[in-house]
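Participant: Build me a model from this:
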Amino acid sequence: MYSHTSQDIRITVEPYYLDDQSSPSDDHYVWAYHVKIENVGEVAVQLINRYWRITDANGQIQEVRGSGVVGKQPVLDPGESFEYTSGTPLGTPSGIMVGSYEMETRSGERFDVEIPAFSLDSPHQPVQLN
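Facilitator: Below is the predicted model of the structure:
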């Protein structure tokens with residue numbers, strides 16, 4: 001698992017390879033990732049937008065921007081959390097993802113919280129430590 005706290009928001013991500021949706025012979029590899037967003041601060045916030053930068057093993061970058069996550073813009077009061085699962089395909093057997101969420105307080109202040117970089121590793125490639 002990967003975890004990072006910024007601006008009183010803790011983001012924890014657990015990626016896992018989806019063998020049943022992948023086809024290595026066709027250079028198609030699929031991962032799911034489970035995200036937990038926790039408000040460890042004292043101010044309620046709403047997740048407004050997401051940003052992802054996905055880099056495959058060849059260095060090809062895909063950027064994804066959008067409203068909310070999985071069709072929702074959850075409000076997190078102090079001490080609350082929100083969890084969801086999503087996924088991404090790659091044309092290589094490994095990659096890396098990193099990103100941020102844009103949050104907004106009830107008073108209208110917007111700020112970004114970092115999503116920790118996490119590795120996408122399949123069993124079809126030896127793990128290499130960087």
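
Participant: Need the phi and psi values for residue 42.
Facilitator: Torsion angles at residue 42 (phi, psi; degrees, to the nearest 10) stand at phi -120, psi 10.

Participant: quick one: buried residues of stretch 102-110?
Facilitator: Neighbour counts over stretch 102-110 (16 or more other Cβ atoms under 10 Å) mark 102-104 as buried. Every residue, glycine included, has its C-beta placed from N, CA and C.

Participant: Which of the helices or strands spans residue 58?
Facilitator: Using DSSP states H and E, residue 58 sits in no helix or strand.

Participant: residue ranges for the strands of the protein, please.
Facilitator: For the chain, the strands defined by DSSP state E cover 2-6, 9-17, 29-39, 45-56, 61-67, 75-76, 81-90, 94-105, 110-121.

Participant: And residue 78, how far from residue 11?
Facilitator: For residue 78, the distance to residue 11 equals 16 Å [Cβ to Cβ, to the nearest Å].

Participant: Which one's more surrounded, the two?
Facilitator: residue 11 (20 against 12; other Cβ atoms under 10 Å).
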